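Participant: I would like the atomic coordinates for the input below:
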Amino acid sequence: MAHVRSLSILLLSLTNLGSSTAESHAPTSSSSILVAGSLNADTFLPIARFPSSGENLTLLPNCHPEVDLPGGKGCNQAVACSKLSRHSDSIDAKDISTSFLGQFGNDPIATTLQSTLLANNIDISLCGQSKTFPSGRGYVMLVPQTGEVSAVVSGGSNLFGWGRWGVKNNNNNGREGEEMVVLTDQQIQEMISPHSLLLLQCEIPSHINLRLSHAASKLKIPIILDVGGEDRRMERELLERCDWLVPNESELERLAASYESNDDESDVNEEIGYGKDMQQHLEQIQSQIGSSLNLQSILKSVHTLQKIGANNVLVTLGSRGSLLIRKHDTETPQSPPLYQPPYHLPPGASVVDETGAGDCYRAGFAVALLEHCGNSFAVRDGVNEENLLQCMKFASAAGALAVTKKGAVPSIPSRREVEELMLLMEKVERAEAIPRGGGSDTSEDNFPFVFGSRINSMKDRLDLLDPSTQMKTPHDFLRRQATIRGLGCVDFNYPQHFDNFWTAEEAKHALDEVNLVAGAVCLRYPSKFARGAMNHPDPALRRSAIEMTKDAAKVARILGCNEVVVWSAYDGYDYPFQVNYQEKWEQIVEAFRECCDSYPDIRWSLEFKPTDENTRFFTVPSTGAAMLLVKEIDRPNMGLTLDVGHMLMAGENPGQSISMVGDKLFGIQLNDGYTRLASEDGMMFGSVHPSLALEAMYQLRQINFQGHFYFDTFPQRTDPVREAEYNIRRVKEFWRAVEKMDGREIGRVAREHDALGALELVNEALRR
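Facilitator: Reported below is the predicted structural model:
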């Protein structure tokens, strides 16, 4: 599987990489999806945060509720199926038709809901309309700052309008039931027989899902069941009938627990045994989804459900991607889980509202299944791994785009938008041929990393330039830096390199002109934050710093990179008793969590420093403290950028620190120094501590570092272009020296703590 990576350094000049060569899959002209579920009129309430128990909140200042927006899982998924199966802007050009089965209420909003479905070319001829009960209602609390939502749903006709289907209402709030002739099983089969796939949710009575699934299984129509909706125990026969069960991680946990607690089902708690190869595969997935989710716990819950009859289980993990565990029989080995990383947002987009993202994912998966299989029998008889991954990719792209707009139905993307995002990510995959950590290099010396160098160093030694050469703006610095042989990327400071100089779009264009790419965006907070940035004592300035930090992520997206490095010259103190240490720590933790959650496609990293003329003691003064911070932030897109000079200032061995950070090392800044008290010399790499430089390269290989090499040096009295070229040559020499070292001898020396053996290893490596 070719991993879809973040919008990153790989996004250089993507417009030059050509169009997609992926085949276009078209279903048969008779393919049709039947969505059976709920319709709601949603009211959105913008708030600053979710209330705690017993707490009353008011809406955000100058904000008003948005009332009667079409929603409900059934409505959302039907509209999404229709839009995602439309191969052109013409409604009539769809290859897959969509029908909806639900119950409209007896109120005026029902007309609005009907119009919404019809406007999206959805057949509603199978729907009913209650004479007694109003339409369903959703009350959605929305935190605009993060896009997070939490909702309360009033079922209305979605729950009580199914009298014709045999649903008896025991609690009608004083309303009389609707007496009518109940549909027979044969009539239900005739209703659904024209369709190729059935998509169900849990916002309608379970009795309806049971009757529909019974009819579909008789007709061998594949069934996808979205577990979302009412929190209830699911009938075993429903689990057995559904070909694809789709919960999110919390729904999966609750559903599995409802069976685990039943003594009659005690056999479902058998331990899962995996071979060595499978364990390695699972460890790789765990590293991708992050430590905040326990993969073994997810697999155990899926195993619980599959033991009692569930078939394929597709677990959506929000911003951490999705995971498919396929059903296997006792005579064949367990197939490895299929993992799809999250699709990241296109440049310039951000999370606005998470409502309906899961519905778009499920609809996208349904559409893609039919497109890749061509008919319902192929969906039931088995889908190969490659096609399943393509289905998950399509669904992930649809779900990602759904968070960029407010509202459930209004946020549903078109097929064209999804295909554009997928094309962009395909170009990213093909761009992996560009040299980057862990990848391959097509250049003559086959070096696996891109190099970047400090752009501000281009202001040094202006006497070497023609007197008429202007060197005042970031654009000027960039042109000079582009003359460095072997340089591949540029790290920009924000807002220092932007402000009134140019826009991010103009900077991207300038990069394209000189055939360079953006490596990262690095925070440089202005002096108004002299008493602190993300932990400033003034809440207004603290909020301003956090927003500035998030603005850097927007710039990174536009530039085509996915890394933001946060170094604050001011988050710390000078004297004992000057700050509350725990408070400052917690403020930084919460600030980074907000940044990570707001921009899950961005790799956020902290660059620690022990001391500075601006701040004598930093809040995070060492690699150990930085790792504690990362652990407490607990986000998969949060890591560290280590600066060799900063590690030396902290009295650390860079190799040991790199090893300790491991896969949380997002960035490395290479330099050297004499390590005098509070001095940051910014010398050329390996010029003062060659043995430490050699081991740093060794440890970067050991942890399979995946970033780019950045030189944070201060040439000042040296030609900055020649200095950068020297650094590039020197790093390559150290890297190749490490490649030639005897791994067995390194292991022996480490086991025996052999000091002389270690020195001889270094001497031998550096002599080559």
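Participant: Ranking helices and strands of the chain by mean pLDDT, which lands last?
Facilitator: helix 376-381 (a mean of 55; mean pLDDT, DSSP states H and E).
Participant: Report the mean per-residue pLDDT for the helix or strand that that one is followed by.
Facilitator: Per DSSP states H and E, the first helix or strand lying C-terminal to helix 376-381 is helix 385-402. Helix 385-402 comes out with an average pLDDT of 92.
Participant: Any buried residues in helix 385-402, and which?
Facilitator: 387-402 (16 or more other C-beta atoms under 10 Å). The C-beta positions use only the backbone N, C-alpha and C, and glycine is treated the same way.
Participant: Likewise for stretch 359-377?
Facilitator: 359-373, 375-376.
Participant: next one: stretch 536-545
Facilitator: His536, Leu541, Arg542, Ser544, Ala545.
Participant: Equivalent analysis for stretch 635-652, please.
Facilitator: 635-650, 652.
Participant: any idea how far Arg531 is from Gln578?
Facilitator: 10 Å (C-beta to C-beta, to the nearest Å).
Participant: quick one, which of the two is more surrounded?
Facilitator: Arg531 (15 against 11; other C-beta atoms under 10 Å).
Participant: Isn't the more buried one up against Tyr525?
Facilitator: No: using C-beta atoms under 8 Å as the test, Arg531 is too far from Tyr525 to be in contact (11.1 Å).
Participant: Name the residues contacting each of these two.
Facilitator: Tyr570 (C-beta atoms under 8 Å, 6 or more residues apart in numbering).
Participant: Show the model's pLDDT score for Pro448.
Facilitator: pLDDT, Pro448: 86.
Participant: swap that for Ala93, please
Facilitator: So, for Ala93, pLDDT stands at 46.
Participant: Compute the distance between Pro693 and His214, please.
Facilitator: Quick fix: residue 693 is Ala, not Pro. Where His214 is concerned, Ala693 sits at a distance of 69 Å (C-beta to C-beta).
Participant: So these two - more neighbours on which side?
Facilitator: Neighbours per residue (other C-beta under 10 Å) separate Ala693 from His214, with Ala693 holding more: 25 against 16.
Participant: so who does the more buried one touch?
Facilitator: Val644, Pro654, Asp672, Phe685, Gly686, Phe734.
Participant: how would you label it: helix, strand or coil?
Facilitator: Under the three-state scheme (DSSP: H, G, I helix; E, B strand; the rest coil), Ala693 adopts helix.
Participant: How about it: what's its closest non-neighbour residue?
Facilitator: Leaving aside its sequence neighbours, Ala693 sits nearest to Gly686 (C-beta to C-beta, 6 or more residues apart in numbering; 3.6 Å).
Participant: Surely that neighbour is in contact with Asp672?
Facilitator: Yes: between Gly686 and Asp672 there is a contact under C-beta under 8 Å: 6.2 Å.
Participant: Do I have it right that Gln189 meets Ser217?
Facilitator: No: under the criterion of C-beta under 8 Å, Gln189 makes no contact with Ser217, lying 10.3 Å away.
Participant: Show me the strands in the stretch 201-350 of the chain, by range?
Facilitator: For the stretch 201-350 of the chain, the strands defined by DSSP state E, counting those that start in this stretch cover 223-229, 244-246, 312-316, 322-325, 338-340.
Participant: Distance to Pro474 and mean pLDDT added to those strands, as a markdown table?
Facilitator: Compiled in a markdown table, the strands of the stretch 201-350 of the chain are given as follows (distance: least, C-beta to C-beta, whole Å; pLDDT from 0 to 100):
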| stretch | distance to Pro474 | mean pLDDT |
| --- | --- | --- |
| strand 223-229 | 47 | 92 |
| strand 244-246 | 47 | 96 |
| strand 312-316 | 41 | 95 |
| strand 322-325 | 40 | 94 |
| strand 338-340 | 38 | 92 |
